Structure formats: structure tokens, C-alpha cells
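Chemist: Next come a sequence and a model predicted from it.
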Amino acid sequence: MRIMKKDEKVIAVFIAYNSAQTLKEFYRAFPKELCDEIILVDDNSKDNTFQIAQNLGIKSYQNPKNLGYGGNLKRAITLALQHGANIIIDIHPDGEYKPSAILPALYEIESGAELVLGNRFSSTTGVLKNGMYVWRILPLFFLNWIDKLILGLPIDDIHQGFRVYTRQLLEKINYQANSNNYIFSFELIAQAVFYKRRLSQVPVEVHYSGKKRGASFHHSAEYFLMTFGVLFLFALAKMGYVSDIFKTPISTPRNPDPKI
């Protein structure tokens with residue numbers, strides 16, 4: 001089932017790291033009929049993620065060195081744009097986020113949204129039943145509240161891992177200047193708000209288990225502090241003191257396989 005216009009190319013990007021145990025099942029359940037192409041970028045995994053992806057027939061790239069979450073996502077987004085994507089579905093092949101959110105997200109894009117985020121908290125009891133640590137919920141609620149207040153953003157779950165982007169958005173913001181770690185995605189959201197792009201959200205189902213139940217307390221605290229750093233830069237940019245991440249990009253690279 002296709003809901004987008006024929007001239008709008010939809011590409012799903014899988015940013016993968018040590019996803020060998022989940023990739024086959026995830027790919028089997030993925031609604032391939034909703035997109036024109038799938039691109040997997042393996043961030044120099046220590047397991048055989050890349051080989052499995054190739055055996056499954058997925059168009060696959062492997063970074064010669066580990067680029068980090070943000071660095072890998074930069075490359076995946078750039079590759080998708082170079083392959084002609086008008087709409088990019090960003091979903092992790094570790095099975096943490098369910099692909100059932102893709103169809104409603106595409107409807108939001110069709111209705112004019114330029115960035116669609118998943119919302120895990122449409123049912124708080126749902127995330128608990130699906131494995132989220134209890135100690136993560138209150139800090140996330142607080143962080144989302146602060147972000148919504150400063151950014152003026154009517155989104156309930158800003159720090160999550162399911163997103164759908166449009167080319168129109170990505171060519172407007174300087175995502176290449178973003179961090180190579182996990183704060184990349186929050187920087188991108190702040191950029192979208194700064195440039196007054198339209199954001200939307202859809203419910204997303206999650207499944208947390210084992211190491212995928214979330215970052216450690218140490219990494220969560222580090223991310224918490226980095227978030228406030230982005231909010232500070234956003235406030236400065238609104239006052240006219242614009243840092244690199246809030247500057248207009250020069251161009252999108254044209255090489256279909258950018259050097260890294």
C-alpha cells in the first residue's frame with residue numbers, strides 16, 4: 001500500500017551497530033511496501049551485521065571506522081538524499097521501535113509535516129509493560145517539559161528514536177554540523193524549530209529488553225547535560241548569536257558514496 005505521490009521517493013534508513021541478532025526478524029516484519037528503497041549503514045559492527053544485511057538483499061554500506069550514532073546517521077541521511085529520497089524513514093533495526101508507526105507518520109507527512117517523531121508516552125503504562133526502566137520515566141518527562149517550554153514545541157516525546165524526515169527539511173538545516181553522538185537528533189529537532197518547520201508526532205510502540213532497555217545512568221546524565229547545551233545554543237541563536245548548527249547549509253554532497 002502506497003500513500004505518497006508517485007514522484008515522491010520514500011527511503012528507509014537502518015543505522016545498525018551489532019544488530020546481527022535482530023536484523024533478520026526486523027527486516028522480515030518491516031512493511032517494505034511503504035517505501036521505494038531501504039538503505040542500511042553498518043557502523044563498523046563487531047558482529048556480522050553487514051554480511052547478514054547483504055545476504056538479505058538490503059542495499060548496505062559499512063563504515064571503515066565507527067562514526068558514532070550521529071556520525072552514522074549523518075551518512076545514512078546523506079546517502080538517502082543522494083539516492084533521490086523525498087522522504088526518509090529513520091528506524092533502528094534492533095527491534096526497539098515497531099514499524100507500525102510508519103504508516104501514520106507518512107500520513108502526517110502527506111498532511112504537511114516536515115519532521116514526524118514517535119511518541120512512546122501516548123500510554124505510560126505501555127512503555128513500562130514493554131520494558132522501559134521506571135527510573136527513566138520521570139527524568140524524561142522533566143526533560144521533555146523543559147524542551148517544550150524553551151523550544152515552544154507541542155511534542156510529547158522529543159528524545160526517542162523513530163523519526164521521518166522530508167528532503168525539504170534536511171536541505172534547510174545544517175545537519176552535517178551536528179554532533180556525532182546521541183545528541184545529534186535533538187540538535188536536528190532544535191534546528192527544525194529554529195527554522196520554523198512543521199513538526200508532528202504519532203504513537204510508536206516499543207520493546208525494550210536486555211542491553212536495549214536504555215542507556216546507563218552515567219550516559220543518561222551525560223545526555224541530560226548535553227541537552228541543556230543545545231537549548232543554550234538555541235536561545236543564543238534566537239538572540240542573533242548563531243552557532244554552526246543553526247547556520248544555513250551550503251549544499252548537500254552529490255557523491256553517492258561520500259568519503260568518511
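Modeler: Structure received.

Chemist: Next, the distance between the ends of stretch 82-97.
Modeler: End-to-end distance for stretch 82-97, by Cα to Cα, to the nearest Å: 26 Å.

Chemist: and it, how far out from the chain's middle?
Modeler: Stretch 82-97 has its average C-alpha position 8 Å from the chain's average C-alpha position, going by Cα atoms, centre = their mean, to the nearest Å.

Chemist: ok, now stretch 233-241?
Modeler: Computed by Cα atoms, centre = their mean, the chain-centroid distance of stretch 233-241 equals 24 Å.

Chemist: Then stretch 171-190?
Modeler: 10 Å.

Chemist: For that stretch, list the C-alpha coordinates in PDB.
Modeler: Backbone C-alpha positions of stretch 171-190 (Å, rounded to 0.1, in the frame of the first residue of the first chain) are rendered in PDB as follows:
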ATOM      1  CA  GLU A 171      18.100  20.800   2.800                       C
ATOM      2  CA  LYS A 172      17.100  23.700   5.000                       C
ATOM      3  CA  ILE A 173      19.100  22.800   8.100                       C
ATOM      4  CA  ASN A 174      22.800  22.200   8.700                       C
ATOM      5  CA  TYR A 175      22.600  18.700  10.000                       C
ATOM      6  CA  GLN A 176      26.200  18.000   8.800                       C
ATOM      7  CA  ALA A 177      27.400  20.300  11.600                       C
ATOM      8  CA  ASN A 178      25.700  18.300  14.300                       C
ATOM      9  CA  SER A 179      27.400  16.100  16.800                       C
ATOM     10  CA  ASN A 180      28.500  12.500  16.100                       C
ATOM     11  CA  ASN A 181      27.000  11.200  19.300                       C
ATOM     12  CA  TYR A 182      23.400  10.700  20.500                       C
ATOM     13  CA  ILE A 183      22.600  14.400  20.900                       C
ATOM     14  CA  PHE A 184      22.600  14.600  17.000                       C
ATOM     15  CA  SER A 185      18.800  14.000  16.900                       C
ATOM     16  CA  PHE A 186      17.900  16.600  19.500                       C
ATOM     17  CA  GLU A 187      20.100  19.100  17.700                       C
ATOM     18  CA  LEU A 188      18.200  18.400  14.500                       C
ATOM     19  CA  ILE A 189      14.900  18.900  16.200                       C
ATOM     20  CA  ALA A 190      16.100  22.300  17.600                       C
END
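
Chemist: What's the mean pLDDT across that stretch?
Modeler: The average pLDDT within stretch 171-190 is 96.
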